[in-house]
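> Task: produce atomic coordinates for the following.
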Amino acid sequence: MVKRIGWLSRRGLVDRIDLARVAEAIRRAETVTSGEIRVSVSRLFWGDVYRAADRAFDRLGMRRTRDRNGVLVFVVPSRRRFVVLGDRGIHEKVGQVFWESVTGSMSESFRAGDFTEGLVRGIEMIGVQLCEHFPYDAATDTNELPDEVDLA
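Residues are numbered from 1 along each chain as shown. Reported below is the predicted structural model:
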């Protein structure tokens, strides 16, 4: 689902996001799940936001997770839009209503200008569902993808 955010340049948005706090939220969420969460902020952009998110999903290796349980939060400041995209494994468990609740919650913080809080809130919501459906197993789990925010 593509959602609208307030107008900011990419640089303006990145300056307003506490990247360390977002990465820490991802790390915390992933301590209780085998799922993988990534956040990507797009630099230059034109075209369809959802398709760009899908391409970023591939570029970041999100479809290569063992259980197909990767989730990408893709933010496009120049288009004032963002997408939360879950791979097949998690989407089959939670459905579209869940993604709409995540984007709705994130939108509230984004509209208030608190982009870090919006991202952290979304990551926490995603983490809860990933934990429920794909719990962490110390014997088999590895961190399959980086936790840092992608700024490509």
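
> Pull up the distance across stretch 64-74, start to finish.
From its first residue to its last, stretch 64-74 covers 18 Å (C-alpha to C-alpha, to the nearest Å).

> For D137, see how far away G122 is.
To D137, G122 is 25 Å away according to C-beta to C-beta, to the nearest Å. Bear in mind the C-beta positions are built from the backbone N, C-alpha and C, glycine included.

> So those two - more neighbours on which side?
Neighbour comparison, G122 and D137: the larger count goes to G122, with 27 against 9 (by other C-beta atoms under 10 Å).

> And the strands in this structure, which stretches?
For the chain, the strands defined by DSSP state E occupy 2-4, 36-41, 70-76, 81-86.

> Including distance to F115 and mean neighbour count, could those go into TSV?
TSV is the format used below for those (distance: least, C-beta to C-beta, whole Å; neighbours: other C-beta atoms under 10 Å):
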stretch	distance to F115	mean neighbour count
strand 2-4	13	16
strand 36-41	10	25
strand 70-76	8	26
strand 81-86	10	24
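
> To G61, which of those lies closest?
strand 70-76 (8.0 Å; C-beta to C-beta).

> got the angle between the closest one and strand 36-41?
10 degrees (axes from the mean of the first three to the mean of the last three C-alpha atoms, to 10 degrees).

> Strand 70-76 packs against which elements?
Applying 3 or more C-beta pairs under 8 Å, 6 or more residues apart in numbering; DSSP states H and E, we find strand 70-76 packed against strand 36-41, helix 49-59, strand 81-86, helix 88-111, helix 115-133.

> Nearest to R16, out of the ones you listed?
helix 115-133 (5.2 Å).

> in the closest one, what counts as buried?
115-123, 125-127, 129-131, 133 (16 or more other C-beta atoms under 10 Å).

> Could you pull up the mean pLDDT of that helix?
Mean pLDDT, computed over helix 115-133, is 96.

> so S101 touches M125, yeah?
Yes - the pair S101 and M125 qualifies as a contact (C-beta atoms under 8 Å) at a distance of 7.2 Å.

> Do me a favour and get the end-to-end distance for stretch 66-79?
33 Å.

> By mean pLDDT, flag the weakest helix or strand of this structure.
Every helix and strand in the chain was compared by mean pLDDT, DSSP states H and E; the lowest is strand 2-4, with a mean of 54.
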